[in-house]
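Q: Just need the structure, nothing else, for what follows:
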Amino acid sequence: MKKEFAVLAFFAMIFGGGVQAEAAPGFFQDVPLSDWSYEAVNGLISTGHVKDYTEPIPRGRIMSRMEMALVVDDAMNNLNVFKPAEQDTIQKLNKEYYYDIKKIQMLSKFDNTDLEKAANEGNGTTFTKEEKAGLKKAAAFADKISIDGYANLRFDHYLKETVRTTRASRVLVHVNTTYKIDDNWQAHTELGFQNSFVGFDETIANAPNEAQTGTTMDTYVTGRMANNALGIKIGKWDEWNPLGAGMDIDCDFSGVQLVYGKKDLKTYFTTGKMDLWDNWMGGTRFSEQVTSLRSVYPFDKKNDINFGVSWSSAMASRYQDPDQGRVFYYYTHAHHNFDANWDLRAGVINSDAKRADTAIAGTKTKQPGRWLELRYKKSDFQIPGSYDIIVTYRSEPALNWPTLTDWCGLNERFIRIGVNWVPAKNVLLNTFYTRAREIDTGAKDDLYRFQAYFFF
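A: Sure, this is the predicted structure:
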């Protein structure tokens, strides 16, 4: 095809002949045979609406990301002739191969029969040798770096027993930068700025909480080793892992994370320190040591299980005995997808935490933590009109739950109903109501939230 030849010829011209992996990081990497893309694109090809693709991809044939992106790009250019379910598949593929498709669209502008002329006559002028060299360097650098992020507007209000308080009213801008060192390693920087509408006279903080103004910066590297079977992350990052509820979730983390597994079963080993707000809630620790080991195994497309163990610093704010040193947690979490609209998650967590020798710790119930989540539909910020409705139940006894997940208060159980809606591409609106009660006293701690995300 002309488009494919243009891509290859342009790379040959710019980088001195011969297609090199360094010229387009990841562009020519293989898509694993187990990847969902093969079945998805074959389903599109079978409709007869994918231009230039009349035969399905043979079983067992390995395709590069570039080849896969070519199929998706052709389908996107003929999107309206597909059925709604097929359009959803195309949009998901477009999200998966977004940057590969962008490269194809840029590179295919160069005609394969006269690329040099096309490059020189872009604006009616001829580039000098030095200018060409500069353009090559700029193109190489641009192909190594990517920037994305979001802006978030959030309003939280607590409705307690006797008073209504504002937990957070803020705007947050978060920018992620990734630099491709080589085919296996990337360097990442996450920059954030938060402006609170609650405390206008707050001193700017290096680690702002929900009601403070401040900036944050995290840096880390990621890479692949052992023939692509072992992934590694080193540095400081914001860990958000909904599948590891109760472990390594929603916190600032500094340390090392290893991910092993080429196929379905993946195992995560994490060690370092994390900030679980112990010192803000009555404890003394500014950060907690943690070592965790967890695994994720999908039995099939509809069912998976997540299980693991963790050793974390005992925290006085969780009514745990600080002299215990580390608390041993163990948990399991299962997921079932009923159909295209409904899925269910459920889990339990427990620990060997010892109570602190204080009067209040003696009143707290030691019982396993539990959670249940039912979701209808699925929102995707790249698909306007998509939405989901989520109903959640959680019981988070402080002695057995190391962190405050999903903005639940300490030692509480709650029922929450939430809605996500995408009114336009890259815009996500989220709102929920939480009916929360302290496990042992029954004190009311309801929470309302409205927030908007703007992705870029």
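
Q: domain assignment for this protein?
A: 2-126, 143-220+292-455 (automatic domain parsing).

Q: mean pLDDT lowest for which of those?
A: Ranked by mean pLDDT, the domains of the chain end with domain 2-126 at the bottom, a mean of 68.

Q: circling back to that earlier point, looking at the domains of the chain, which is closest to residue 276?
A: domain 143-220+292-455 (5.1 Å; CB to CB). For every residue, glycine as well, the C-beta is placed using N, CA and C.

Q: Show me the strands in the stretch 101-250 of the chain, by range?
A: Along the stretch 101-250 of the chain, the stretches classed as strands by DSSP state E, counting those that start in this stretch are 145-160, 164-180, 185-196, 214-225, 230-239.

Q: partners of the first one in the sheet?
A: Paired with strand 145-160 in the same sheet, following DSSP bridges, are strand 164-180 (antiparallel), strand 445-455 (antiparallel).

Q: The last one now?
A: Within its sheet, strand 230-239 is paired with strand 214-225 (antiparallel), strand 251-260 (antiparallel), according to DSSP bridges.

Q: Pipe the strands of the stretch 101-250 of the chain into TSV and attach mean neighbour count per row.
A: Converted to TSV, the strands of the stretch 101-250 of the chain look like this (neighbours: other CB atoms under 10 Å):
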stretch	mean neighbour count
strand 145-160	16
strand 164-180	16
strand 185-196	18
strand 214-225	16
strand 230-239	18
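
Q: Distance to residue 364 added to those, as CSV?
A: Putting the strands of the stretch 101-250 of the chain into CSV (distance: least, CB to CB, whole Å) gives the following:
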stretch, distance to residue 364
strand 145-160, 19
strand 164-180, 23
strand 185-196, 32
strand 214-225, 33
strand 230-239, 27
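
Q: For the strands paired with strand 230-239, give me a markdown table that also has distance to residue 287.
A: Formatted as a markdown table, the strands paired with strand 230-239 follow (distance: least, CB to CB, whole Å):
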| stretch | distance to residue 287 |
| --- | --- |
| strand 214-225 | 14 |
| strand 251-260 | 8 |
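
Q: thinking again about what came up before, would CSV of the strands paired with strand 145-160 with distance to residue 368 be doable?
A: Below are the strands paired with strand 145-160 laid out as CSV (distance: least, CB to CB, whole Å):
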stretch, distance to residue 368
strand 164-180, 27
strand 445-455, 21
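
Q: Contact partners for residue 452?
A: 152-153, 427-430 (CB atoms under 8 Å, 6 or more residues apart in numbering).

Q: circling back to that earlier point, out of the domains of the chain, nearest to residue 268?
A: Nearest to residue 268, of the domains of the chain and by CB to CB, is domain 143-220+292-455 at 5.1 Å.

Q: nearest to residue 422, of the strands of the stretch 101-250 of the chain?
A: Closest among those, using CB to CB: strand 145-160, at 13.3 Å.

Q: mind listing the helices for the stretch 351-456 of the chain?
A: Taking DSSP state H, counting those that start in this stretch as the criterion, the stretch 351-456 of the chain contains no helices.

Q: need the strands for it, in chain order.
A: 369-377, 387-396, 412-424, 427-438, 445-455.

Q: can I get those strands in JSON lines with distance to residue 338?
A: Compiled in JSON lines, the strands of the stretch 351-456 of the chain are given as follows (distance: least, CB to CB, whole Å):
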{"stretch": "strand 369-377", "distance to residue 338": "10"}
{"stretch": "strand 387-396", "distance to residue 338": "14"}
{"stretch": "strand 412-424", "distance to residue 338": "19"}
{"stretch": "strand 427-438", "distance to residue 338": "22"}
{"stretch": "strand 445-455", "distance to residue 338": "27"}
